[in-house]
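**Student:** For reference, the sequence and a predicted model appear below.
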Amino acid sequence: MSEEAPPLAERRCTPCEGGVSPYTAVEARAALAGLDPAWRLDEAANAIRREFRFKEFYRTMSFVNALAHIANIEDHHPDLEVGYNYCRVLYTTHAIGGLSENDFICAAKIDRLQGALATQR
């Protein structure tokens, strides 16, 4: 009997300094299935992205600060584009020029965070 891996949001990122291959398009699509459907894979299968919308600037910045906390704990940082009522998040593992499990772990943690913030509105 094999033990199933814990859900993405319960895993921890592992340091990635290169030397591993990025996910293939097939692997990336399979991992994407474990995330909220709002996440999108780019055409080259090198990054995933999602846009989050908020009622006001304060809520946007609260989300960004919570996201930054997750990024620092996991030591895996997204590229962000932030405006008054939105935050666009892009994950890729720069050290390998594509996607790794770390990108999907962090995206799952952000999905969980966004769900928690939505219940507080």
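**Tutor:** Nice, thanks for sending it over. A quick note: this is a predicted structure, and the numbers were derived from the prediction, not measured.

**Student:** Buried residues of stretch 39-58, list them for me.
**Tutor:** Neighbour-count burial for stretch 39-58, with 16 or more other Cβ atoms under 10 Å as criterion, is recorded at Trp39, Leu41, Ala45, Asn46, Ala47, Ile48, Arg49, Arg50, Phe52, Phe54. (C-beta placed from N, C-alpha, C; glycine too.)

**Student:** Pipe those residues into CSV and attach pLDDT, secondary structure and distance to Ala107 per row.
**Tutor:** Putting the buried residues of stretch 39-58 into CSV (pLDDT from 0 to 100; DSSP: H, G, I helix; E, B strand; the rest coil; distance: Cβ to Cβ, whole Å) gives the following:
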residue, pLDDT, secondary structure, distance to Ala107
Trp39, 98, coil, 6
Leu41, 97, strand, 11
Ala45, 95, coil, 14
Asn46, 96, coil, 14
Ala47, 98, coil, 11
Ile48, 98, strand, 6
Arg49, 98, strand, 9
Arg50, 97, strand, 7
Phe52, 95, strand, 12
Phe54, 93, coil, 18
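
**Student:** tell me the centre residue of this protein?
**Tutor:** Residue closest to the average C-alpha location in the chain (Cα atoms, centre = their mean): Ala107, at 2.0 Å.

**Student:** Tell me the predicted confidence for that residue.
**Tutor:** pLDDT for Ala107: 97.

**Student:** ditto for Gln114
**Tutor:** Predicted confidence (pLDDT) for Gln114: 72.
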